[in-house]
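Asks: model this:
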Amino acid sequence: MIQQTLPTTTTTTTTTAQPQRIKGTRMIYPAELKTLALAQVAAGQSIAGTARDLGIVEGTLGMWVAEARKAAGPVAPAEVEPQDMAGLRAALARVTRERDALKAALASVTSVMGA
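Replies: Model prediction:
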């Protein structure tokens, strides 16, 4: 039997978006991977799903998201236009009148049935 040996050359290709392990357990993640992960979470993907897809520890991604949200500051409530407020007040008044009319009708029906 002829045994053929192939040269054993191992090449490791490191892309810039891959995490690297240093000093045993600590991972260093490139900034572009962090940016990509935060963009995916901001687009609506779950933290767990994004972490799993990109090979990031879920807790690390959760900390990144918390830091990004803290850095963004509080979200201001949307400004309500005065015309919108007037329409909402009119709708509330109409619904209140309808509710009161239904209460009165129910009271009169129950009084007739109970007497």
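
Asks: which stretches of this protein form strands?
Replies: Using DSSP state E, the strands of the chain run over 20-22, 26-28.

Asks: list the pairing partners of the last one within its sheet, with orientation.
Replies: Taking DSSP bridges as the criterion, strand 26-28 forms sheet pairs with strand 20-22 (antiparallel).

Asks: still on that earlier bit, rank the strands of the chain by mean pLDDT and give me the bottom one.
Replies: Lowest mean pLDDT within these: strand 20-22, at a mean of 65.

Asks: what residue is smack in the middle of this structure?
Replies: residue 44 (4.8 Å; CA atoms, centre = their mean).

Asks: state the pLDDT value of that one.
Replies: pLDDT at residue 44 comes out at 92.

Asks: distance check, it against residue 50.
Replies: 10 Å (CB to CB, to the nearest Å). Yep, even glycine has a C-beta here, placed from its N, CA and C like the rest.

Asks: ok, residue 111 next?
Replies: Applying CB to CB to residue 111 and residue 50 gives a distance of 61 Å.

Asks: higher neighbour count, those two?
Replies: Using other CB atoms under 10 Å, the more surrounded residue of residue 111 and residue 50 is residue 50, with 20 against 9.

Asks: need the contact list for the more buried one.
Replies: Residues near residue 50 by CB atoms under 8 Å, 6 or more residues apart in numbering: 37, 40, 41, 56, 61.

Asks: neighbour count for these - can I get that in JSON lines?
Replies: Formatted as JSON lines, the contacts of residue 50 follow (neighbours: other CB atoms under 10 Å):
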{"residue": "37", "neighbour count": "22"}
{"residue": "40", "neighbour count": "18"}
{"residue": "41", "neighbour count": "20"}
{"residue": "56", "neighbour count": "21"}
{"residue": "61", "neighbour count": "23"}
